[in-house]
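Asker: Below is the structure, and that's it, no one-letter string:
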């Protein structure tokens, strides 16, 4: 993260070569070196500690299985983020994804006074971030807080390098403008009635932030305001970091090396395909055929230009500069995205902003202003249920027959349900044990379907465990796991 020394190219090259040689100790070093940052990134995209842990496990497995594909082993770290993003996008697209359990924030051992100052800066950061679209926030977050260059971002986003350079430059410009407006709103809101009206709560919502940016650009009073320069890395450093679970290390390394998990590893590795000519995974597509047809990226012609640009990217000082990160390509003022939420374009679900954990709101800038919760936390999603787009069908005369399943050492299994004696409307009504499942639908007589059940515990200690999935009609399927 910004302010912390990251591994250099020599470390990337050494670890990549060791992985290629099948060195198990190197896999442990890869986890210890990169896992905390990758977990934070995955948690920012998925907003759930269980899903983030599963994503990180699959990243380590896929990296070990596919490291021979990487043509530039000195870019191992960026390549790992590319795998992580694709895995997170795949999980976001799943109707059975786990939700509602955000990770705690990593401890910083700050004093009460330091915590208060950080919270004030954090709310300012969220107000500025709210004016950016998702892709902009994610690009700045990766380039500054995770210290990845534009060549890495090109591979992570699946974009030509020329477009990536333009994205980072435009993101920083828009962030500078948004931060300037947010500082005016924070410190000079009394001087302009329009600003006061736009900033009834703090931090600013995406709509208020976008409106504020447009107002400052056209207001003769606000436009002449000067605000102190703030470097991007300083602002990003106040955002929360998701604390990686200590017990996750053993779970990941066991899943990546245990002999009885070989089949599971091959299946996980297949999710990362296809790859481009550099050995980087192509962005996630719901349709694999469309992903394979994607045009190759053009990185080589302008790689030399990156060396000149990197120095300016690491520390951005101007009228203002601050943080960002998320998905989307439209201007924030036209279609702003919430930090931690965001909208997407194309087939990529929108990643969340760089703030991976929940934050609480601090008092507003004056007693007359009402505080509001920080927009860094996106609304929790409820477990997957059948869409209610159409009128429900009558229950049907049939009954539901269910068959349990066993995960063994895997992370999921499939419960089979069948309509017997007539049609049946069904849905999952609950789970017992460290399990998650969801869904519903209509089955004709004799028709069967499967319901995916996932385990939510990180470690499997103490032998086999048992739980169940409950359905309508009072039916229950037993599930064993670990």
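Answerer: Great, that's in hand. Note that the structure is predicted; figures quoted are calculated from it, not measured.
Asker: From here on, just use CA atoms for contacts and neighbour counts.
Answerer: Noted.
Asker: residue contacts, residue 56?
Answerer: With contacts defined as Cα atoms under 8 Å, 6 or more residues apart in numbering, residue 56 is in contact with 35, 38, 39, 42, 84, 252.
Asker: do the same with residue 194
Answerer: residue 215.
Asker: and it, what element?
Answerer: Assigned by DSSP states H and E, residue 194 falls within helix 193-198.
Asker: Kindly report the same for residue 449.
Answerer: strand 448-455.
Asker: Quick check: buried residues in that strand?
Answerer: Across strand 448-455, burial judged by 16 or more other Cα atoms under 10 Å covers 448, 451, 452, 453, 454, 455.
Asker: Tell me the one of those nearest residue 168?
Answerer: residue 454 (37.8 Å; Cα to Cα).
Asker: State the number of residues packed around residue 236.
Answerer: 25 (other Cα atoms under 10 Å).
Asker: so it makes contact with residue 141?
Answerer: Yes. Contact criterion Cα atoms under 8 Å: residue 236 and residue 141 qualify, at 7.5 Å.
Asker: In this structure, what residue spans correspond to strands?
Answerer: 201-202, 370-371, 399-403, 405-406, 412-420, 424-432, 435-436, 440-443, 448-455, 465-471, 476-481 (DSSP state E).
Asker: Any idea which of those gets closest to residue 263?
Answerer: Of all the strands of the chain, strand 412-420 comes closest under Cα to Cα, at 13.6 Å.
Asker: Specify which member of the buried residues of strand 448-455 is nearest to residue 464.
Answerer: In terms of Cα to Cα, no member of those lies closer to residue 464 than residue 455, at 12.2 Å.
Asker: So that closest one sits against residue 412, correct?
Answerer: Yes. If you go by Cα under 8 Å, residue 455 and residue 412 touch, sitting 6.2 Å apart.
Asker: still on that earlier bit, from the contacts of residue 56, keep the buried residues only.
Answerer: 35, 38, 39, 42, 84, 252.
Asker: just for the stretch 51-200 of the chain, where's the confidence low?
Answerer: For the stretch 51-200 of the chain, no stretch has pLDDT under 70.
Asker: Where do the helices of it begin and end?
Answerer: In the stretch 51-200 of the chain, the segments counted as helices under DSSP state H, counting those that start in this stretch are 76-92, 112-129, 134-140, 150-157, 161-187, 193-198.
Asker: Let's have these in TSV, adding distance to residue 56.
Answerer: Formatted as TSV, the helices of the stretch 51-200 of the chain follow (distance: least, Cα to Cα, whole Å):
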stretch	distance to residue 56
helix 76-92	7
helix 112-129	26
helix 134-140	18
helix 150-157	16
helix 161-187	25
helix 193-198	41
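Asker: what's the most buried one of those?
Answerer: helix 134-140 (a mean of 31; mean count of other Cα atoms under 10 Å).
Asker: Summarise which helices and strands it is packed against.
Answerer: Taking 3 or more Cα pairs under 8 Å, 6 or more residues apart in numbering; DSSP states H and E as contact, the helices and strands that helix 134-140 lies on are helix 161-187.
Asker: Measure how the helix it packs on sits relative to helix 150-157, angle-wise.
Answerer: Per axes from the mean of the first three to the mean of the last three Cα atoms, to 10 degrees, the angle that helix 161-187 makes with helix 150-157 is 90 degrees.
Asker: If we ignore the residues flanking it in sequence, what's nearest the residue of the chain most remote from its centre?
Answerer: Most distant from the centre of the chain: residue 421, at 44.8 Å, with distances by Cα atoms, centre = their mean. In this structure, residue 421 finds its nearest non-sequential neighbour in residue 398, 4.6 Å apart by Cα to Cα, 6 or more residues apart in numbering.
Asker: Kindly report the same for residue 153.
Answerer: residue 164 (6.8 Å).
Asker: how about that neighbour, what does it touch?
Answerer: 150, 153, 154.
Asker: redo that, cut-off 10 Å
Answerer: Counting by Cα atoms under 10 Å, 6 or more residues apart in numbering, residue 164 makes contact with 139, 149, 150, 151, 152, 153, 154, 155, 157, 158, 170, 299.
Asker: Could you report the separation of it from residue 83?
Answerer: 18 Å (Cα to Cα, to the nearest Å).
Asker: okay, now the nearest residue to residue 29 once chain neighbours are set aside: neighbour count?
Answerer: Nearest non-adjacent residue to residue 29, counting by Cα to Cα, 6+ apart: residue 15, 7.8 Å away. Counted with other Cα under 10 Å, residues neighbouring residue 15 total 22.
Asker: Quick one: residues contacting residue 15.
Answerer: 9, 21, 23, 25, 26, 27, 29, 30, 73, 74, 76, 77.
Asker: Now render those as JSON lines, adding distance to residue 111.
Answerer: Listed next are the contacts of residue 15 as JSON lines, based on distance: Cα to Cα, whole Å:
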{"residue": "9", "distance to residue 111": "36"}
{"residue": "21", "distance to residue 111": "47"}
{"residue": "23", "distance to residue 111": "43"}
{"residue": "25", "distance to residue 111": "38"}
{"residue": "26", "distance to residue 111": "38"}
{"residue": "27", "distance to residue 111": "37"}
{"residue": "29", "distance to residue 111": "33"}
{"residue": "30", "distance to residue 111": "33"}
{"residue": "73", "distance to residue 111": "42"}
{"residue": "74", "distance to residue 111": "40"}
{"residue": "76", "distance to residue 111": "37"}
{"residue": "77", "distance to residue 111": "33"}
